[in-house]
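# fold the following and give me the result.
(one chain, ligands or ions: 1)
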Amino acid sequence: MSDLTGVELAIEARGLVKRFDGFTAVDGVDISVPKGSIFGILGPNGAGKTTTLRMLLGIIDPDEGYRRVLGAERPTDVARRIGYLPEERGLYPAMKAYEAIGFLAALRGVPLKEGRRKGRELLEEHGLGYAADRQIRQMSKGMAQTVQLLGTLVHQPDLVVFDEPFSGLDALNQGKLERMIRALAARGTTVIFSTHVIAHAERLCDRIAIIAGGKVPFAGPVDLARDRLRPQVRLETRDQDGPWRAALPADARHEGAFWYFTLPETGVEPLLRALIEGNAGILSLSIERAGLHDAFVAIAGEAAARALEESEGEAR
Ligand SMILES: Nc1ncnc2c1ncn2[C@@H]1O[C@H](COP(=O)(O)OP(=O)(O)OP(=O)(O)O)[C@@H](O)[C@H]1O
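Here you go, the predicted model:
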């Protein structure tokens, strides 16, 4: 039984397929996003993230499959309840920051005057009050991006869709955005975003979909992805050799003062017993879940992991 039985979903997509001139960009994607959760679509450049998000938004229709967004089978019917930050950023350069937010609000049905007023409020709230009357063309790229982000939130959407929201932001603003995303989820807004940076998905998401070559080899809780790999042991001993060494798997690595190896299938107790009885003189021992990076390699394969690293490199 799925762990989502009985959970209210903001997005439910089954078997989404999108082809462009015979090329299959998205090849049977299933996605379930619980209401009020943070969901990440993680994959390298060209994996099909943007195409998937655009199908969820109703900007393009799938060739096959089905999606239900905020209860609607045609996502455009609920467009006013959705906030969307596209991958290509862009605001009118001549508009002032508060006007740009008002303009985006108007596109989602908020009266212009009210949107502009809210624009000033939001800018104030996010430490950009001093720049409310500054034209977009006079702003740094990161600042303009923050203004655009606020413009996706001004109508208080129930669902926000961010395409690569962290790219183009410096570390400080990335941190701010992470806090903003957590705050949105804390007040019940559903957030779905795409990224090719594992750390963002690992830190922020309740659930992820790993996408590579248009397919989703894993979708579910981040912890479940990490549990695909056995936990890792780090061991420090008093002596470097002794009968206890027989308790370590053959591929245990020795680096600095530590041994690193995968926790044997037999579990913690037999390992501890063998180490103690073998007189290891344990100085420290930690057992940790695999990180999402290793899980990604195990799930999507070495090639996809390399492509992901290249995507990260390009974005820097
Ligand atoms: N309108 C289009 N016409 C033709 N091919 C397209 C179109 N849109 C996307 N593709 C192709 O579909 C594949 C998936 O693209 P998509 O933009 O969804 O990937 P992505 O994971 O968002 O990657 P990126 O991070 O580089 O944007 C790519 O090979 C891309 O070239």
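
# how many other residues sit next to residue 82?
As a burial measure, residue 82 scores 23 neighbours (other CB atoms under 10 Å). In this view, the C-beta of every residue, glycine as well, is placed from N, C-alpha and C.

# any idea how far it lies from the ligand?
18 Å (CB to the nearest ligand atom, to the nearest Å).

# which parts of the stretch 1-150 of the chain sit against the ligand?
20, 25, 43, 45-51, 87 (CB under 6 Å from any ligand atom).

# can you give me the helices in this structure?
49-57, 97-107, 112-125, 141-153, 171-186, 198-204, 222-226, 268-277, 292-300, 302-315 (DSSP state H).

# rank those by pLDDT, which is bottom?
When those are ranked by mean pLDDT, helix 302-315 comes last with a mean of 78.

# buried sites along it?
304-305, 307-308, 311-312 (16 or more other CB atoms under 10 Å).

# how many other residues sit next to the residue in the stretch 51-200 of the chain positioned nearest to the ligand?
Residue of the stretch 51-200 of the chain nearest the ligand, by CB to the nearest ligand atom: residue 51 (3.3 Å). Using other CB under 10 Å, residue 51 has 22 neighbouring residues.

# again, but for residue 137
Neighbours around residue 137, by other CB under 10 Å: 11.

# quick one: the residue of the stretch 51-200 of the chain closest to the ligand from residue 62, how far?
9 Å (CB to CB, to the nearest Å).

# now swap in residue 165 and tell me
Distance from residue 165 to residue 62, by CB to CB: 23 Å.

# neighbour count: the two, which is higher?
Between residue 165 and residue 62, residue 165 has the larger neighbour count (other CB under 10 Å), namely 26 against 21.

# so the more buried one sits against residue 148, correct?
No: in this structure, residue 165 is not within contact of residue 148 by CB atoms under 8 Å, at 9.9 Å.

# check the gap between residue 40 and residue 16 for me.
Counting by CB to CB, the gap from residue 40 to residue 16 is 17 Å.

# residues contacting the residue nearest to the spatial centre of the chain?
With distances taken as CA atoms, centre = their mean, the residue of the chain nearest its centroid is residue 40 (2.9 Å). Counting by CB atoms under 8 Å, 6 or more residues apart in numbering, residue 40 touches 192-195, 200-201, 204-205, 207-209.

# let's see 6 Å
Listed by CB atoms under 6 Å, 6 or more residues apart in numbering, the contact set of residue 40 reads 193, 195, 201, 205, 208.

# which of these sit farthest apart?
Using CB to CB, the two most remote members of these are 193 and 208, lying 10.3 Å apart.

# so between the two, which is more surrounded?
Taking other CB under 10 Å, residue 193 and residue 208 do not tie; residue 208 has more neighbours (28 against 25).

# re the thing from before, joint contacts of residue 51 and residue 62?
Common contact partners of residue 51 and residue 62 (CB under 6 Å, 6+ apart): residue 18.

# mind listing which of the contacts of residue 40 are in strands?
193, 195, 208 (DSSP state E).

# check contacts around the second one.
The one in question is residue 195. So residue 195 contacts 40, 42, 201 (CB under 6 Å, 6+ apart).

# before we move on, back to that, neighbour-wise, give me the winner out of the residues of the stretch 1-150 of the chain next to the ligand.
Among those, the one with the most neighbours (other CB under 10 Å) is residue 43, at 30 neighbours.

# now that residue. Nearest residue, chain neighbours left out?
residue 211 (3.7 Å; CB to CB, 6 or more residues apart in numbering).

# what's the neighbour count on the one you found?
27.

# kindly report the same for residue 279.
Count around residue 279 with other CB under 10 Å applied: 13.

# kindly report the same for residue 86.
Neighbours of residue 86 (other CB under 10 Å): 17.

# got a list of what it touches?
residue 163.

# likewise for the one 3 residues further on?
Neighbouring residues of residue 89 by CB under 6 Å, 6+ apart: 145, 148.

# redo that, cut-off 8 Å
So residue 89 contacts 141, 144-145, 148, 168 (CB under 8 Å, 6+ apart).

# same check, this time on residue 238
Residue 238 makes contacts with 280-283, as judged by CB under 8 Å, 6+ apart.

# so which of those is surrounded by the most neighbours?
residue 280 (24 neighbours).

# having no further points to raise, I will conclude here.
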